[in-house]
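> Provided below are the primary sequence and the corresponding predicted coordinates.
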Amino acid sequence: MPNAAPSTPMRQRIITAVLQIIGEGGVAALTNRRIAKAAGVSLGSVTYHFATQHDLLRESLLHFVREEARHFTELADQCQTDSLAIEDAASLAGQVACGTALDSAHLAPFELYLHAGRDERLREAASEAFTAYDRLATQILTALGVPNAERLAATTVALVMGLQLRRLATGSPADDLVDALLLLAPGAAARSSEQGFPA
């Protein structure tokens with residue numbers, strides 16, 4: 001995640017810097033001095049816009065969530081079709097989970113979610129992101145004809161995020177995630193049908 005351009009509003013530059021630092025060194029790496037340097041702003045500007053580190057973390061997480069929700073809503077809207085192929089769904093999930101590179105932008109969300117697990121004040125913001133993930137998963141599963149798609153959405157999201165975490169930890173290629181989804185998706189659809197879940 002590159003440093004924000006000087007023309008970007010100062011508050012946004014600070015948030016971008018926070019996400020960059022979290023991705024590179026975790027929440028423990030955050031200091032106002034480091035944030036100011038990465039954002040290209042004065043030290044006083046950081047404390048002017050954000051009184052506490054909690055405010056910084058909350059606003060950074062909310063910003064990330066809003067961007068995720070916007071992106072996933074666009075992707076979900078693209079999936080509103082009755083003829084989505086499993087291969088296309090797996091490819092789409094690969095786009096969501098993997099992006100194009102292993103970098104700090106992919107690590108920052110996991111750091112923020114872990115921190116939300118420790119700080120209940122951040123959990124509402126984290127829940128917003130998972131709502132967006134679930135909506136996209138429901139749209140994809142519905143388009144694939146999987147019965148009871150809404151019930152299976154959270155499990156699908158957990159699978160994708162777990163595989164993404166494995167990829168980040170091991171450096172395995174994005175194709176591994178897509179291949180796993182291609183293997184599992186038909187089985188999930190068949191099992192749901194066998195168990196008689198309503199669509």
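Happy to help now that I have it. Numbers count the residues shown, from 1 in each chain.
> Got the domain ranges for this protein?
Using automatic domain parsing, the domain parsing of the chain gives 1-51, 62-194.
> Which of the ones you listed comes out lowest on mean pLDDT?
Set side by side, these show their lowest mean pLDDT on domain 62-194, which sits at a mean of 73.
> Touching, residue 43 and residue 32? I think so.
Yes: applying Cβ atoms under 8 Å as the test, residue 43 and residue 32 come out as touching, 5.9 Å apart. To be clear about C-beta, it is placed using only N, CA and C from the backbone, and glycine gets the same treatment.
> Run through the helices of this structure in chain order.
10-25, 32-39, 43-49, 53-78, 86-98, 104-118, 123-143, 149-170, 174-194 (DSSP state H).
> Now mean neighbour count too, for those helices, in a markdown table please.
Rendered in a markdown table, the data for these read as follows (neighbours: other Cβ atoms under 10 Å):
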| stretch | mean neighbour count |
| --- | --- |
| helix 10-25 | 21 |
| helix 32-39 | 18 |
| helix 43-49 | 16 |
| helix 53-78 | 17 |
| helix 86-98 | 19 |
| helix 104-118 | 18 |
| helix 123-143 | 20 |
| helix 149-170 | 17 |
| helix 174-194 | 16 |
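> which residues sit in contact with residue 63?
By Cβ atoms under 8 Å, 6 or more residues apart in numbering, the contact set of residue 63 is 12, 15, 19.
> do the same with residue 112
Applying Cβ under 8 Å, 6+ apart, we find residue 112 in contact with 22, 27, 57, 60-61, 64, 122, 126.
> Residue 19 touches residue 106, doesn't it?
No: applying Cβ under 8 Å as the test, residue 19 and residue 106 come out as separate, 11.1 Å apart.
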